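In: Next comes the sequence, and after it the predicted model I'd like to discuss.
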Amino acid sequence: MVSERVKIEIRDLRVRYGDRVVLDGVSLDVLEGEILAVIGPAGAGKTTLLQCINRMSDMIPGMRVEGSIKIDGEDVASMRDVASLRRRIGVVFPLPVGLPMSIYDNVAFAPRMAGIRSRAVLDELVERCLRQAALFEEVKDRLGDLGTRLSGGQQQRLTIARALSLEPEILCLDEFSIAVDPVTTMRIEEVIKQLRSTMTVVLVTNLVLQARRLGDRTALFLDGRLIEVGATETIYSRNTRDARTYQYVQGLFG
Amino acid sequence: MSDAGQAVSPFMTTEKTRAGRHTESVARAVLATVTALLVLPLTAILGLLVIKGAPALSLSFLLDTPTAGMTAGGIFPTIVGTLWLVGVSLLIAAPIGVLAAIYLNEYAPENWMTRIIHLAIVNLAGVPSIVHALFGVGAFVLFLHLGTSILAASLTLAIMTLPVIIASTKEALSAVPMSFREACWVLGASRWQTIRYVVLPNSVQGILTGVILQVSRAAGETAPIMFTGAAFYLPFLPNSVHDQCMALSMHLFTLSMQVPNVPPAMPYATALVLVVLVMSVNLSSILLRSYLRARRKW
């Protein structure tokens, strides 16, 4: 089950985008093997937090990051090889992105870029990831079809299969259900539940009930600040430390 | 239904809708006329070339050298020369243009420096070809001591076509959605891997179309090659890029303006060959584009 070991240690994270402060002194630990749900209204800095963890912040012109993020005790900012950092972190974006290549190639893309060439290894890997993402049965007879021609929900599961293709230690999901129907959402939630304790999951979501269903712990962000983080039962009870947490979770504002 | 009910029906014809319909038909007529006027000169030119040039056109016209002070014989050396000029300039301009566009679109940071470069490219594309010609004389023929040669002329043509190749390639690259790049980056693919395996395969149709259109432009230009490498008349075919050569566009100018007693059909036949050459290059670009578009992946 969830250990007490800290997987991601975030300290005094300050992010500015142009003149705007997007994250303002966030300190947060993500435990190994847990699902940490991150909730908060739009503009709270949830997505930015994810971008800092895998250093996608490098690719965004005008974004400046201060403070430290350590993964297994190693400072992310000082890592020379960004590619190998990103291979350890799977990411799923809000909108499904099927790459313009076959379903098979979509899943095999990252392993190939990392240097895996053996057809047998790739075959096995593609099937395993598609099964993990609950997509294999639907596409097993047409792995050569374009990933971009799948339906939105299927593409989102394809994206998850791709994110899992390098057996990442950390999986970051950014509002994955925004463009997906409720049935697919439930199927993906089942997938995430099964990943619990095999990898560390950071789940950014706008749906407070989704956070409640999935999160071992839940963190609330408002205006670039971490308001409260705690066991999900606590966050969804009357005993929150901060009154705003109770109000937000109960839908009283935000 | 009663008459009173019909009077307020929203689907009934009124003064206003009748006026609207009238405006609509006028607009359609005007636009159709303008389009017809556009096509008319093109067909007239082609028709004239075919009618006046066809009598002189034959296999020997295409495969013989000019004789009798260029008043007889064929145009073979000019076709060969044009192929040399266009081929060499393509070898220079296409790789440089495409690679520069990749850098500008995929790597260059967004700052005042890149903005100035963009501005320079757009402006260079609008510089008249005679200015490129004079630059070519100064830079390649004289300063680099290349003399009047295929190399100097092709370099001049390359300088002329580069800005447009860069601009069209950039456009093709930026048509690939940003989300594809981001999806690759988060998977640990480097910028180059992303370009090589996702961006380029999905923009190649646009890149090729842009390059091919510049090929046909280079084939038709006269000014840039006139002072830099194209000869009035040469008794031999070029052997290397250091030789001069004849060229179709230049030959057409010579035949119609400079040489006395040319049979009237010859310039027309030469023009017809040039136009057919340019049109077939453009046609191949259109065919290529439609072939690749049919295989579009998103």
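Out: Received, thanks. Numbers count the residues shown, from 1 in each chain, chains lettered A, B, ... in the order given.

In: For the nearest residue to A:Ile178 once chain neighbours are set aside, the count of nearby residues, please.
Out: Setting aside the residues directly before and after it, A:Ile178 is nearest to A:Pro94 in space (CB to CB, 6 or more residues apart in numbering or on different chains), at 4.5 Å. Bear in mind the C-beta positions are built from the backbone N, C-alpha and C, glycine included. Under the neighbour criterion other CB atoms under 10 Å in any protein chain shown, A:Pro94 is assigned a count of 17.

In: for B:Leu63, same thing?
Out: Applying other CB under 10 Å, I find that B:Leu63 has 11 neighbouring residues.

In: Can you name the residues that contact it?
Out: Each residue near B:Leu63 by CB atoms under 8 Å, 6 or more residues apart in numbering or on different chains is listed here: B:74, B:76.

In: mind checking pLDDT for it?
Out: B:Leu63 is assigned 81 on the pLDDT scale.

In: related to what we said a few turns ago, the residue nearest to A:Ile178 and chain B, how far apart?
Out: 10 Å (CB to the nearest CB, to the nearest Å).

In: Can you tell me the SS state at that residue?
Out: Per DSSP: H, G, I helix; E, B strand; the rest coil, the secondary structure class of A:Pro94 is coil.

In: Contact partners for it?
Out: Contact analysis of A:Pro94 by CB under 8 Å, 6+ apart lists A:174-176, A:178-179.

In: In strands, which of these fall?
Out: A:Asp174 (DSSP state E).

In: Show me what counts as buried in the longest helix belonging to chain B.
Out: In chain B, taking DSSP state H as the definition, the longest helix is helix B:15-53. Residues B:49, B:52-53 are the ones in helix B:15-53 that count as buried (16 or more other CB atoms under 10 Å in any protein chain shown).

In: One more: stretch A:85-96?
Out: Buried residues in stretch A:85-96 (16+ other CB under 10 Å): A:85-94, A:96.

In: Among these, which pair sits farthest apart?
Out: A:Leu85 and A:Pro96 (23.9 Å; CB to CB).

In: So which of the buried residues of helix B:15-53 is the closest to chain A?
Out: B:Leu49 (43.5 Å; CB to the nearest CB).

In: number of nearby residues for A:Gln250?
Out: 12.

In: And stretch B:226-244, end to end?
Out: Its start and end residues considered, stretch B:226-244 measures 11 Å (CA to CA, to the nearest Å).

In: mean confidence score for it?
Out: pLDDT averaged over stretch B:226-244 gives 80.

In: which residues sit against that stretch?
Out: Taking CB under 8 Å, 6+ apart as the rule, stretch B:226-244 contacts B:65-66, B:70, B:77, B:80-81, B:84-85, B:88, B:133-134, B:136-137, B:140-141, B:146-156, B:222, B:245-247, B:250, B:253-254, B:258.

In: which parts of stretch B:160-176 are buried?
Out: Neighbour count says stretch B:160-176 has B:160-170, B:172-173, B:176 buried, by 16+ other CB under 10 Å.

In: same deal with stretch B:229-241?
Out: Those would be B:229-231, B:234, B:238, B:241, for stretch B:229-241 by 16+ other CB under 10 Å.

In: how about the residues you listed in CSV, adding secondary structure?
Out: What follows is the buried residues of stretch B:229-241, written out as CSV (three-state DSSP):
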residue, secondary structure
B:Gly229, coil
B:Ala230, strand
B:Ala231, coil
B:Leu234, coil
B:Pro238, coil
B:Val241, coil
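
In: Tell me the one among those residues nearest to chain A.
Out: Taking CB to the nearest CB as the measure, chain A sits nearest to B:Val241 out of the buried residues of stretch B:229-241, at 39.8 Å.

In: Around the nearest residue to the closest one once chain neighbours are set aside, how many other residues sit close by?
Out: Nearest residue to B:Val241, sequence neighbours excluded (CB to CB, 6+ apart): B:Leu151, at 4.1 Å. The local packing of B:Leu151 (other CB under 10 Å) involves 24 other residues.
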